[in-house]
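> I'd like to go over a predicted model; first the sequence, then the structure.
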There are 2 protein chains.
Amino acid sequence: MIRVNGERHWNRMMRMAKIGATPKGGVCRVALTDEDKEGRDLFISWCKAAGCTIEIDQMGNIFARRSGTDETIPPVMIGSHLDSQPTGGKYDGVYGVLAGLEVIETLNDHDIQTKAPIELVSWTNEEGARFAPAMIASGVFAGEFSLEYAYARTDKSGKTLGEELQRIGYKGKRPVGNRPYSATFEIHIEQGPILEAAQKSVGIVTGVQGIRWYDLILTGKETHAGPSPMSFRKDPVKAALPIISQLYDLADKHSPDARVTIGFLDAAPGVKNTVPGKLTVSVDLRHPDENILTTMDKAFKSIVETTLEGSVVDGEIIDIWYSPPVAFAPKCIQAVRNAVNKLEVPAMEMVSGAGHDAVYVSKVAPTSMIFIPCEDGLSHNELEKAEKHDLINGANVLLHAVIELAHESV
Amino acid sequence: MIRVNGERHWNRMMRMAKIGATPKGGVCRVALTDEDKEGRDLFISWCKAAGCTIEIDQMGNIFARRSGTDETIPPVMIGSHLDSQPTGGKYDGVYGVLAGLEVIETLNDHDIQTKAPIELVSWTNEEGARFAPAMIASGVFAGEFSLEYAYARTDKSGKTLGEELQRIGYKGKRPVGNRPYSATFEIHIEQGPILEAAQKSVGIVTGVQGIRWYDLILTGKETHAGPSPMSFRKDPVKAALPIISQLYDLADKHSPDARVTIGFLDAAPGVKNTVPGKLTVSVDLRHPDENILTTMDKAFKSIVETTLEGSVVDGEIIDIWYSPPVAFAPKCIQAVRNAVNKLEVPAMEMVSGAGHDAVYVSKVAPTSMIFIPCEDGLSHNELEKAEKHDLINGANVLLHAVIELAHESV
């Protein structure tokens, strides 16, 4: 059974990590900076050396193509991103791109011709650290955003994405999207603690959690702490306790996949000796199953209504954002499963908690993802760390999943 | 039975309110500003017209003295303050000063000579809005702060209290404090909702709540909301719920006098999709009985310890401030009680939830306070409002309490 060249892959990871390397061992290779250009140039040189043809699309996405024996079959795509957070790590994104390159080189090493072509993609500005929103280029690819909208995004200094794409020489000619793909894969570090805790080397990612964001605003009455007896108060903090408590119960009820996060709290005016007049609480609800997420949404609204019935405190829920759950393509998931079984890699099925380019891509092509563990779940951090043997296991799984769906034809 | 001249008193209140009047009907007469000087000058002119002798002490406190028939007896003091918050009301402080003047004028009207002299005091910088801390001049009077410390306090522009006292011509010669008083009274708007709710015109204030301030710091682990299963989380918000809930129970347990206020909450980093790594919660505990406040302090510490036993979240309590309860002088309280009974004014006994000059003064002289209602408990606000008939009722109670303790000798 063929396997990737682990040393070569690891060396490329470490070489790429030198571009934008930070003193703490991380990477600062923010989208459309000089460092990003340097990383892109290096990547392209490697792809060309591996015999690929290169095309850049109008969003600066880089497509490195390895021919198939039947060029009429839509390609199998492998993709992720080379840009990083300002204080990012060496693995987030770049692993998915370079593991794809390693797959191609391994096919070369073994003279394997696939029926379908393979396209290795590096997506522009996945992180969104410089130009919001994140994953904008795969979003344009999937028809979620227009090219004009994307070009007009500005960074803090007022520079547009379009200008900066032009400046680093990566505003390509190929139209964005509107092409068929047989299958697409993205391999990525998990950015969470599940695989590490379960001592698995690979996650077979079956979908992405749906997310609902709300602001819960509780309005009482601002009064002085001393002269206001408890029975006279309209205290939004007191009113919030049973609501938040029931939200955590809701997570338990839909355990283990449900997530309930209270990330932000603001008591106004926020003074020690004043009963707050207003409390704002952010609520983040997640579940991979759309029906259950809908149930959680309704339960949240009912909890607030029921708890505040007859209360002296008023409650309002503001719906901020809804990102529906994504179910990945069964044929892609099955190909990953088959690869895992063939390679006997310790693996588990899971859903992604974070967004990835694969989410947009899945809207226009059969898609799934592969995860590998990262230490302590740490990501978007210079201390981000993944083990070499996990990187290699993941790349091998990717290799065999790609071979299966590209109709291996040795 | 003699009574104050309500119209005269009301007219003086309204006349004083013109100095620093704000468009919304409030007053901006911040300590040691030109407006404060103008208010002081007007007050002194009224006191002189009422036959008082004026002395200014080194802290700018104004003492207007009406002689007694026995000048060897320590005077009865009536005092409050003429300075206001930047967006203050027409009643806070000034009522206590001008009600005192009305008492003196009423004694004049009826040719009443008291055995003890009466000293009417306007304290400098009670509000602390410009120079912190609040009540600094009565604090120096009571020996809590040195004169040097007080002079060195600065406002936002760097000007010192000492310089500004000099500038407006109110740095007097009389030494601060170190004088005996037979009794002292401060009459003030309640700044809370109790009297209004109970439909009482006067509060017989028996003491001031003790206050304990803390920061409760709960430390968990900052993690991404999506990829972190509930069971892996170290969520300080979740850990805080039962603690805060038990704190409110503690207020119920020591009802009706106990107060528990959570005025400030900060979840760090405070991002919607991140489980906070740290939650800071301010805790304000109050009770008029020192023993019960001590019990509450111990209960709070025990709640935190017990609740976090075996928890994945660490807790730390930082003691920020302790202001012990004040029990006012029985003879002063009784004089107010007697006046209330004599006048048949609807009244109730209560404790003050806020600090006043009377708190410091009570450390060096027998002291009590009288409250009158203010609409909706609103204070430190341009919309602050008190009813004319309550102002008059309060002034009459003050009049008779002062007469009793100044040994009426008609």
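Done, it's in.
> okay, now the domains of chain A?
Chain A breaks down into these domains under automatic domain parsing: A:6-208+A:326-405, A:210-323.
> Span of the shortest one from start to end?
Think domain A:210-323. End-to-end distance of domain A:210-323 (CA to CA, to the nearest Å): 5 Å.
> and it, how far from the chain's centre?
27 Å (CA atoms, centre = their mean, to the nearest Å).
> could you give the mean pLDDT of that domain?
Averaging pLDDT along domain A:210-323 yields 95.
> cool, stretch A:172-191 as well?
97.
> Not counting sequence-adjacent ones, nearest residue to the residue of the stretch 51-200 of chain A found nearest chain B?
Ranked by CB to the nearest CB, the top residue of the stretch 51-200 of chain A for proximity to chain B is A:G192, at 2.4 Å. C-beta coordinates here come from the backbone N, C-alpha and C atoms, glycine included. Using CB to CB, 6 or more residues apart in numbering or on different chains and skipping the chain neighbours, the partner closest in space to A:G192 is B:P227 (2.4 Å).
> Would you agree that neighbour is in contact with A:M350?
No. Using CB atoms under 8 Å, B:P227 is not in contact with A:M350, being 9.3 Å away.
> Please, where are all the strands along the stretch 251-400 of chain A?
Along the stretch 251-400 of chain A, the segments classed as strands by DSSP state E, counting those that start in this stretch run A:259-261, A:265-268, A:274-275, A:278-287, A:314-323, A:326-327, A:347-352, A:367-372.
> one step back: would you say the residue nearest to A:G192 is within a helix?
No. B:P227 is assigned coil when assessed by DSSP: H, G, I helix; E, B strand; the rest coil, not a helix.
> show me the contacts for it.
A:E190, A:Q191, A:G192, A:P193, A:I194, A:S352, A:G353, A:A354, A:G377 (CB atoms under 8 Å, 6 or more residues apart in numbering or on different chains).
> how about 6 Å then?
Applying CB atoms under 6 Å, 6 or more residues apart in numbering or on different chains to B:P227 gives the contacts A:Q191, A:G192, A:G353, A:A354.
> still on that earlier bit, could I get the strands of the stretch 251-400 of chain A as TSV with mean neighbour count and distance to chain B?
Converted to TSV, the strands of the stretch 251-400 of chain A look like this (neighbours: other CB atoms under 10 Å in any protein chain shown; distance: least, CB to the nearest CB, whole Å):
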stretch	mean neighbour count	distance to chain B
strand A:259-261	27	4
strand A:265-268	20	5
strand A:274-275	24	5
strand A:278-287	23	4
strand A:314-323	14	8
strand A:326-327	20	12
strand A:347-352	22	7
strand A:367-372	28	9
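> any chance of these in JSON lines, with distance to B:R29 too?
Listed next are the strands of the stretch 251-400 of chain A as JSON lines, based on distance: least, CB to CB, whole Å:
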{"stretch": "strand A:259-261", "distance to B:R29": "48"}
{"stretch": "strand A:265-268", "distance to B:R29": "27"}
{"stretch": "strand A:274-275", "distance to B:R29": "23"}
{"stretch": "strand A:278-287", "distance to B:R29": "30"}
{"stretch": "strand A:314-323", "distance to B:R29": "36"}
{"stretch": "strand A:326-327", "distance to B:R29": "63"}
{"stretch": "strand A:347-352", "distance to B:R29": "62"}
{"stretch": "strand A:367-372", "distance to B:R29": "66"}
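> what's the burial count for A:G353?
Residues contacting A:G353 under the criterion other CB atoms under 10 Å in any protein chain shown number 24.
> mind listing what it touches?
If you count contacts by CB under 6 Å, 6+ apart, A:G353 has them with A:G192, A:Q209, B:G226, B:P227.
> Excluding sequence neighbours, find me the nearest residue to it.
Per CB to CB, 6+ apart, closest to A:G353 is B:G226, 2.6 Å.
> can you tell me the helix or strand for the closest residue in space to A:M348 that isn't next to it in sequence?
The spatially closest residue to A:M348, leaving aside those adjacent along the chain, is A:K200, at 4.7 Å (CB to CB, 6+ apart). For A:K200, there is no enclosing helix or strand under DSSP states H and E.
> Now A:K200. Its backbone dihedrals?
Phi and psi for A:K200, reported as degrees, to the nearest 10, are phi -110, psi 150.
> Quick check: it touching A:A347?
Yes. Counting by CB atoms under 6 Å, A:A347 is a contact partner of A:K200 at 5.5 Å.
> part of a strand, is A:I187?
Yes. A:I187 sits within a strand when classified using three-state DSSP.
> beta partners for the residue lying closest to it once chain neighbours are set aside?
Nearest non-adjacent residue to A:I187, counting by CB to CB, 6+ apart: A:I370, 4.2 Å away. Bridge pairing for A:I370 (DSSP bridges) gives the partners A:I187, A:I204.
> shaky segments in the stretch 301-410 of chain A?
Within the stretch 301-410 of chain A, the segments meeting pLDDT under 70 span A:408-410.
> Which parts of it are helices?
A:330-343, A:357-361, A:388-405 (DSSP state H, counting those that start in this stretch).
> could the ones you listed be laid out in JSON lines, adding mean neighbour count and distance to chain B?
Listed next are the helices of the stretch 301-410 of chain A as JSON lines, based on neighbours: other CB under 10 Å; distance: least, CB to the nearest CB, whole Å:
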{"stretch": "helix A:330-343", "mean neighbour count": "19", "distance to chain B": "18"}
{"stretch": "helix A:357-361", "mean neighbour count": "27", "distance to chain B": "12"}
{"stretch": "helix A:388-405", "mean neighbour count": "24", "distance to chain B": "16"}
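> As CSV, the ones you listed with distance to A:G88 would be great.
Converted to CSV, those look like this (distance: least, CB to CB, whole Å):
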stretch, distance to A:G88
helix A:330-343, 26
helix A:357-361, 16
helix A:388-405, 17
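> quick one: which of those helices is nearest A:G277?
helix A:357-361 (39.8 Å; CB to CB).
> Other residues contacting that closest one?
With contact meaning CB under 6 Å, 6+ apart, helix A:357-361 is reached by A:123, A:126, A:135, A:138-139, A:142, A:144, A:184, A:186, A:208, A:326, A:367, A:369.
> does A:K156 count as helix, strand or coil?
coil.
> Quick check: closest non-adjacent residue to A:T280.
A:D266 (4.5 Å).
> so which residue of the stretch 251-400 of chain A comes closest to chain B?
For the stretch 251-400 of chain A, CB to the nearest CB, closest residue to chain B: A:G353, 2.6 Å.
> re earlier: tell me the most packed of the contacts of B:P227, by neighbour count.
A:G192 (27 neighbours).
> Now that residue: phi and psi?
Backbone dihedrals for A:G192, given as degrees, to the nearest 10, come out at phi -150, psi 180.
> Tell me if I'm right that it and A:G377 touch.
Yes. The criterion here is CB under 6 Å, and A:G192 meets it with A:G377 at 4.8 Å.
> For the contacts of helix A:357-361, which two are the farthest from each other?
Going by CB to CB, the pair spanning the contacts of helix A:357-361 furthest: A:E144 and A:M369, at 18.2 Å.
> buried ones in stretch A:131-147?
For stretch A:131-147, a neighbour-count test (16 or more other CB atoms under 10 Å in any protein chain shown) marks A:131, A:134-142, A:144-145, A:147 as buried.
> Contact partners for the residue nearest to A:I333 when sequence neighbours are not counted?
Distance criterion CB to CB, 6+ apart; nearest residue to A:I333, sequence neighbours excluded, is A:S368 at 4.8 Å. By CB under 6 Å, 6+ apart, A:S368 lies in contact with A:F328, A:A329, A:C332, A:I333, A:V336.
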